[in-house]
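S.K.: Below is the sequence, then the predicted model.
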Amino acid sequence: MRKSLFKWFFYILLASICCLSGCDSPSQMAPTASVELDAVAPDFTLSDLSGKAVSLSDYHGKVVLLNFWATWCPPCKAEMPSMESLYRQMKDDGLVILAVNIEPNGPETVTAFLKENPHTFPILYDDKASVQKLYGVYKFPETFVIRKDGTIDDRVIGAIDWAHPDAVEYFKMLLKGPA
């Protein structure tokens, strides 16, 4: 009984640490590149759920929340409802959310995930980890906030409440900023 209680406590502690700091990528434990705040966000093209090619440059002049996530990552899944709420509140004002799934079998796992957890913001597939490496992402979720001019305003590692009033005010400020 005591051993199983310790084991249970250990798993809860491990899950808590993962939730606070983000989940490490099983395929890549350290970044190969890194993007800096105030630098121009590297452009990329990935496929969406329907197979359509989507490029970051398609959204120049808009504020973009670029989120890297996986279905095996509990904090990733935990923050998605708040991302959906933020998206519904602000998409008509020019906010774009691009959720980049980094799993090699993304089309299969994401389709099953979305049946249980529907979302309306675009989901892109980075099954070869090319954009993940381009941005130096190795913890999940990891999110970049990109200004209208295409520069990176912020980088967030770990899950947050994107629909919190402070976050909403932050995006309102960015959306009012210069193009």
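M.R.: Cool, got the structure.

S.K.: Look at the most centrally placed residue in the chain and tell me its secondary structure.
M.R.: In the chain, the residue lying closest to the centroid (CA atoms, centre = their mean) is Asn67, at 1.8 Å. The three-state assignment at Asn67 reads strand, by DSSP: H, G, I helix; E, B strand; the rest coil.

S.K.: what bridges to it?
M.R.: Note on Asn67: beta-bridge partners by DSSP bridges are Ala99, Thr143.

S.K.: Surely it touches Met83?
M.R.: Yes - the criterion here is CB atoms under 8 Å, and Asn67 meets it with Met83 at 6.7 Å. C-beta: built from backbone N, CA, C; applies to glycine.

S.K.: what residues do those two have in common as contacts?
M.R.: Ile97, Ala99 (CB atoms under 8 Å, 6 or more residues apart in numbering).

S.K.: Give me the three-state assignment for Val35.
M.R.: coil.

S.K.: Let the chain start at 831 from now.
M.R.: New numbering, starting at 831: the last item is Val865.

S.K.: ranges for the strands of the chain?
M.R.: For the chain, applying DSSP state E gives strands covering 853-854, 875-878, 883-885, 893-899, 925-931, 953-955, 969-970, 972-976, 982-987.

S.K.: Show me what the second one is packed up against.
M.R.: Counting by 3 or more CB pairs under 8 Å, 6 or more residues apart in numbering; DSSP states H and E, the packing neighbours recorded for strand 875-878 are strand 883-885, strand 953-955.

S.K.: run the last query once more with 10 Å
M.R.: If contacts are counted by 3 or more CB pairs under 10 Å, 6 or more residues apart in numbering; DSSP states H and E, strand 875-878 sits against strand 883-885, strand 925-931, helix 936-946, strand 953-955, helix 960-965.

S.K.: Same check on the fifth one?
M.R.: Counting contacts by 3+ CB pairs under 10 Å, 6+ apart, strand 925-931 packs against strand 875-878, strand 893-899, helix 904-920, helix 936-946, strand 953-955, helix 960-965, strand 972-976, helix 995-1006.

S.K.: chain center to it: distance?
M.R.: Chain-centre distance of strand 925-931: 7 Å, with CA atoms, centre = their mean, to the nearest Å.

S.K.: can you give me the angle that strand makes with strand 972-976?
M.R.: 150 degrees (axes from the mean of the first three to the mean of the last three CA atoms, to 10 degrees).

S.K.: With only the CA atoms kept, save strand 925-931 in CSV.
M.R.: In CSV, the C-alpha atoms belonging to strand 925-931 read as follows (Å, rounded to 0.1, in the frame of the first residue of the first chain):
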residue,chain,number,x,y,z
LEU,A,925,-6.4,37.5,-34.7
VAL,A,926,-5.2,34.3,-36.4
ILE,A,927,-4.4,31.1,-34.4
LEU,A,928,-2.2,28.5,-36.2
ALA,A,929,-1.9,25.3,-34.1
VAL,A,930,1.0,23.3,-35.4
ASN,A,931,0.8,19.6,-34.6
